[in-house]
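**Q** Got a predicted model here, sequence first, then my questions.
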Amino acid sequence: MTHTAKIYGSGLYDLAMEDGLVDVLMEQLQGVRSLFRENPDYVKLLSEPSIPKADRIKLIDDAFGAQCERYLINFLKLLCEHGLVQEFAGCCEEYTQRYNADHNITEATVYSAVDLTDAQAEILKAKLEAMSKKTVILTQKKDASVVAGLRVEIEGKQLDGTVKGRMSGLSRKLEEMTI
């Protein structure tokens, strides 16, 4: 995330806090971010300097005017006017980080060779919440290199419960003992 994205995303969060719209904007930001991911040509269109700004602004009004909070629409227009639409994802990331910090939420990514069952995911989530004392948003990713077990990334830490991780740990301990 760029410095510009941090400033803009944080500014939007501060504005939303002042008017009690943090939750509403969080939901809408995620929706717009998904739309932008699914339609990268639309983002290119909003960033195209050969299209007059007024036309690009109208595209934002037409697409989001009736569905989104005015702060979000004006934020998108501001990014468009300053040629910063490509920073939107980073702005969302900063907003989300601030939101999660204020709401005692953390994100965890679990890597496994196969998808966890719903029951397994719930058990893991409960353990991570007990460990971190925060609400955990769990994301699952398949990783063929994870032969057995799980690898979890949470709050900048990596918890390696894979066979490979355990073997590496044992190797390190053996090396320390022989020195």
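**A** Sure, I can see it. Model, not experiment: these values are computed from the prediction.

**Q** Look up how far Ala126 lies from the residue nearest to His103 when sequence neighbours are not counted.
**A** Nearest non-adjacent residue to His103, counting by Cβ to Cβ, 6 or more residues apart in numbering: Thr135, 7.4 Å away. Using the backbone N, CA and C atoms, a C-beta is placed for each residue, glycine as well. Distance, Thr135 to Ala126, using Cβ to Cβ, to the nearest Å: 11 Å.

**Q** Distance check, the residue most central in space within the chain against Gln120.
**A** The residue lying closest to the centre of the chain (Cα atoms, centre = their mean) is Glu93, at 5.2 Å. Glu93 sits at a distance of 28 Å from Gln120 (criterion: Cβ to Cβ).

**Q** Over to Gln30?
**A** Following Cβ to Cβ, the distance that separates Gln30 from Gln120 is 26 Å.

**Q** go on, Ala130?
**A** When Cβ to Cβ is applied, the distance between Ala130 and Gln120 equals 16 Å.

**Q** where does Gly165 land on pLDDT?
**A** pLDDT, the model's per-residue confidence, is 63 for Gly165.

**Q** Distance of the residue nearest to the centre of the chain relative to Tyr8?
**A** Shown here: Glu93 relative to Tyr8, a distance of 11 Å by Cβ to Cβ.
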